[in-house]
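Student: Pasting a predicted model and its sequence here:
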Protein chains: 2
Amino acid sequence: MEGVASEACSLAGHLGLGKLIVLYDDNRVSLAGSTDLAFTEDVGMRFQAYGWDVHHVQDGNDLKAVDGALTAARAETARPSLIAVRTVIGFGSPHKQGSFETHGSPLGAEELQATKEHLGWPLEPDFLVPEEVAQRFQQVLIGGQAREAEWDTLFSRYGKAYPELIAEFRRRMSGDLPAQWDADLPVFDPDPKGIATRKASEMVLQVMAPRLPELMGGSADLNPSTFSWLKGYGDFQPPGISSEGVQGVVGGEWGYSGRNIHFGVREHAMGAVATGMALHGGFIPYTATFLTFSDYMRPPMRLAALSQLRVIYIFTHDSIGLGEDGPTHQPIEQVMNLRLVPNLTVIRPADAAETVRAWCTALRNQDGPTALILTRQAVPVLDRAVYVPAEAAERGGYIVWQSSRMFPQAILIGTGSELPIALEAAHRLASEGLEVRVVSLPSWEVFERQPEEYRHIVLSPEIEVRVAVEAGIRIGWERYVGMKGIIIGMDGFGASAPYKVLYEKFGITSTDVVHAVKSMLDVERGP
Amino acid sequence: MEGVASEACSLAGHLGLGKLIVLYDDNRVSLAGSTDLAFTEDVGMRFQAYGWDVHHVQDGNDLKAVDGALTAARAETARPSLIAVRTVIGFGSPHKQGSFETHGSPLGAEELQATKEHLGWPLEPDFLVPEEVAQRFQQVLIGGQAREAEWDTLFSRYGKAYPELIAEFRRRMSGDLPAQWDADLPVFDPDPKGIATRKASEMVLQVMAPRLPELMGGSADLNPSTFSWLKGYGDFQPPGISSEGVQGVVGGEWGYSGRNIHFGVREHAMGAVATGMALHGGFIPYTATFLTFSDYMRPPMRLAALSQLRVIYIFTHDSIGLGEDGPTHQPIEQVMNLRLVPNLTVIRPADAAETVRAWCTALRNQDGPTALILTRQAVPVLDRAVYVPAEAAERGGYIVWQSSRMFPQAILIGTGSELPIALEAAHRLASEGLEVRVVSLPSWEVFERQPEEYRHIVLSPEIEVRVAVEAGIRIGWERYVGMKGIIIGMDGFGASAPYKVLYEKFGITSTDVVHAVKSMLDVERGP
């Protein structure tokens, strides 16, 4: 019933995933009652429409029929297979079998006894494993050990014949990055006009593609907007089909060695597929869509975080800065709500150079997923001769500029496209003789993993005049500016207009930051 | 491609929504390329499997064929209809028609001219409405006015014949609540063992059902857990089908006048359906599921908030308090991430009496959706002779107890099932001679709509020793306790155990609150 299953199964049919066999436990009840209450579609026909091979087993206790269906499904290598198996939930319970009440509740002592009697099962001992079952399990164990030993020998022989391949296989499965993986990182010259961080991310991806063959992913129908392709590294598609006339092909091989996955407009399945790939091992999966659409894929992101899996989520169009598409497409609460997910690292880089560091942090993070929050609009490439080099961004937060060596009167904190706004405000304040510090805080999670000593150098506890600026929801920023600090951000939804108009409209400008600092320092604003 | 469409269309087929006609613009391209990249299923067959009436039109410019299909679809009243219409995107553009590039980008001046030439369209003026088109629109306008006048007359005559029915119709469409709607609210006696707030919510629903005939909703296959039925008010189902042997029937009429909707395991569609019902008007739609599964329905909740619609979301099993189902089912970040959505009111009542007030606030809130956050486990019903009456909860936050008339040294803030923990801690602190205040803060949004004067009475700015306690993510609570306050909450995912064990494990107990307050007041803890 869940939409994510429809998305995933439609994609599996398209991709012709012949190794996939789904056993569908068709017991006609769900938690709350009969499926007749809400679910009367023809499931077999739906899966046929998806291009699946469909089998039906009329009785789930007929093990020969199940085995026969599995054998047929295995023989089908060009399509995934569904085996719809009619079963009775709570089978054998004389009063409760077939009832939804056995979905989530135990039978209870009385009905358990009645069931045993009904099935002709000994009442004692309470938990009984019959000798023939124990023997069968023992046989399976022994057989499995033998097959494992056989495979180990094969693997060892393979390793001797192909020592480089086996080393590479072991490396990929371990999740370690190869030597020199970061040798070709792009370098960006200072540029006041700058480039969008989604473009900088694209450049990182292109240099990583040859160095990290395990990097594999794609977008939910947004390649031309998220710039998330690995150009020339092939389209992951069923082989033997002509790609002639197909628009949007990334290029390179069209087949199962392609590293670009076209997920379609299926964000939820995209997230789930990436979780599955990371669980399988040997890959660094990534996904891409607009930040607002992260709302569609929260469950698989949460599962990846809970499962401590390295998945990288590219989210572009990260604020009202996307402009005319308007409030439905403008993320407001999304950056903050991703920060709330335990073990999900969120990074919102401020310029091209910080974007490079964000990718490095994401690739090194083996213990959980990382979300990269990127702009649609161009943002200045900071002059790192003037500002602290972007390598410091790998600590999550750092002092990017300070007006003098004097102890500052105020701290301005910015992330992403709003860091330049904070910097502009700081220069204006400094020109009026005020001492200010600007902190770039691309990642709360990474920053909070730093030693307290470092965190206190960056955000000196004695400096209570603090202003944060981020084009997102205000709630949450009190963590760094306190109840008396000022947060230059949003309280409501966005609007449709060119982005510069929106920043003015919502009061997210250097002038607003300057006024905020002055109001806290109780400095005359002048005429 | 999106899963929500699959969920909704499967449900529409089940419900036999014969008035629904979907025109599917089958142009074979999406934003990023050909649908051949990711979507090659047989859409018509899929909809047949859902129980739809399916039509195909081979050429979307063949208006007679479109009209014929629409006529046939209208004639089908027992099933929804899909009309799959083959079209060419950017039709008439000699170089760009059929290309995905026309999905999101304008043709440009040159190609626009080429298109006009290709179609034999005058090049001047730049924007031309041919005379016959203008006339046709004028005719439609006049015809429409006549039909509107006709309907107004009919409506007026109906009103004279049935003055009570017309008044009721006007009331429901206006969204106003009827007189005496809150006359039967349940009253709860003090009870230290208490009841789960989901159970209190069930009791409110039962008394509201006869008083608010516009109240209509259901759960995503969780009626027996969310207690979200309107007992005896019928199951919304296609008429003429026997409900005999169907498990989980709410009871009353089985047909389109039933007010209980069985959404199936389809949270996303459930949210979307509720948004649509609210847009239609005349209903107060509600939905129900576990709080963790709110992640599945964020997009429609956001849309309801953006569209300022009254939808009520019941979310039960609201913390680690749900116990053994473990971390996949235990919400951690969800209460806070709902608070981040602009114009969504979130209420987490502390006991049965606050639950009643939460429902009243939700029903009165005509300008946006409300999420009710309810417990699985029993929570004490507070003795309102000792504590401030729960009516105060309608202000979002209130002083529920204070140790004396002295100005307090510390404020403890609690929500939901953690308010009793704060109260227990307060009593222990008071018994040691400390002056403490306890604030119940069921709804941040409602509280922040109160005048500043009131908010400063509740959370006196001069009291900086503050401790918040909520069994959810800590981030965000700095808003009320500041950077130096202490937040008794969670940083990571939950665990599987009886809930009392979990509260101990995660340090969310009155002892933890007592220690927190003492550490801030720098009071000796004793041995």
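Tutor: Looks like it came in fine.

Student: Please make it C-alpha for all contacts and neighbour counts, starting now.
Tutor: Noted.

Student: Tell me how many other residues surround residue A:100.
Tutor: Under the neighbour criterion other C-alpha atoms under 10 Å in any protein chain shown, residue A:100 is assigned a count of 22.

Student: I misspoke; the intended subject was residue A:474.
Tutor: By other C-alpha under 10 Å, the residues close to residue A:474 number 23.

Student: so what's it up against?
Tutor: With contact set as C-alpha atoms under 8 Å, 6 or more residues apart in numbering or on different chains, residue A:474 has these partners: A:487, A:488, A:489, A:490, A:491.

Student: for residue A:283, same thing?
Tutor: Per C-alpha under 8 Å, 6+ apart, neighbours of residue A:283: A:172, A:173, A:175, A:214, A:215, A:216, A:277.

Student: The second one: which element?
Tutor: If I follow you right, that is residue A:173. Applying DSSP states H and E as the criterion places residue A:173 in helix A:163-174.

Student: elements contacting that helix?
Tutor: Judged by 3 or more C-alpha pairs under 8 Å, 6 or more residues apart in numbering or on different chains; DSSP states H and E, the packing partners of helix A:163-174 are helix A:131-161.

Student: how about a cut-off of 7 Å?
Tutor: Under the contact definition 3 or more C-alpha pairs under 7 Å, 6 or more residues apart in numbering or on different chains; DSSP states H and E, helix A:163-174 sits against no other helix or strand.

Student: How about residues contacting the next helix or strand after it?
Tutor: Proceeding N to C from helix A:163-174, the next assigned helix or strand is strand A:191-196, under DSSP H and E. By C-alpha atoms under 7 Å, 6 or more residues apart in numbering or on different chains, the residues outside strand A:191-196 that reach it are A:352, A:375, A:376, A:377, A:378, A:379, A:380, A:381, A:382.

Student: Need the pLDDT of the residue most central in space within chain A.
Tutor: Residue closest to the mean C-alpha point of chain A, counted by C-alpha atoms, centre = their mean, is residue A:313 at 4.1 Å. As predicted, residue A:313 sits at a pLDDT of 98.

Student: which residues touch it?
Tutor: Applying C-alpha under 7 Å, 6+ apart to residue A:313 gives the contacts A:286, A:287, A:288, A:370, A:371, A:372.

Student: Export the residues you listed as JSON lines, with columns for secondary structure and pLDDT.
Tutor: Converted to JSON lines, the contacts of residue A:313 look like this (DSSP: H, G, I helix; E, B strand; the rest coil; pLDDT from 0 to 100):
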{"residue": "A:286", "secondary structure": "strand", "pLDDT": "98"}
{"residue": "A:287", "secondary structure": "strand", "pLDDT": "98"}
{"residue": "A:288", "secondary structure": "strand", "pLDDT": "98"}
{"residue": "A:370", "secondary structure": "strand", "pLDDT": "98"}
{"residue": "A:371", "secondary structure": "strand", "pLDDT": "98"}
{"residue": "A:372", "secondary structure": "strand", "pLDDT": "98"}
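
Student: Looking at those, which is nearest chain B?
Tutor: Of all the contacts of residue A:313, chain B sits closest to residue A:288, with 12.5 Å by C-alpha to the nearest C-alpha.

Student: What about that closest one, how many residues nearby?
Tutor: Neighbours of residue A:288 using other C-alpha under 10 Å come to 30.

Student: Surely it touches residue A:217?
Tutor: No. The pair residue A:288 / residue A:217 is not scored as a contact, 8.2 Å apart, by C-alpha atoms under 7 Å.

Student: State the phi and psi torsions of residue A:411.
Tutor: phi -120, psi 130 (degrees, to the nearest 10).

Student: before we move on, what about residue A:469?
Tutor: Here is the backbone geometry of residue A:469 (degrees, to the nearest 10): phi -130, psi 120.

Student: Would you enumerate the residues in contact with the residue lying closest to residue A:311 once chain neighbours are set aside?
Tutor: Closest residue to residue A:311 apart from its sequence neighbours, by C-alpha to C-alpha, 6 or more residues apart in numbering or on different chains: residue A:369 at 4.6 Å. Applying C-alpha under 7 Å, 6+ apart, we find residue A:369 in contact with A:304, A:305, A:309, A:310, A:311, A:312, A:344, A:345.

Student: ok so, going back, SS state for the residue nearest to the centre of chain A?
Tutor: Of the three states, residue A:313 takes strand under DSSP: H, G, I helix; E, B strand; the rest coil.

Student: how many neighbours does the spatially closest residue to residue A:389 that is not a sequence neighbour have?
Tutor: Closest residue to residue A:389 apart from its sequence neighbours, by C-alpha to C-alpha, 6+ apart: residue A:400 at 7.8 Å. Neighbour count for residue A:400, taken as other C-alpha under 10 Å: 23.
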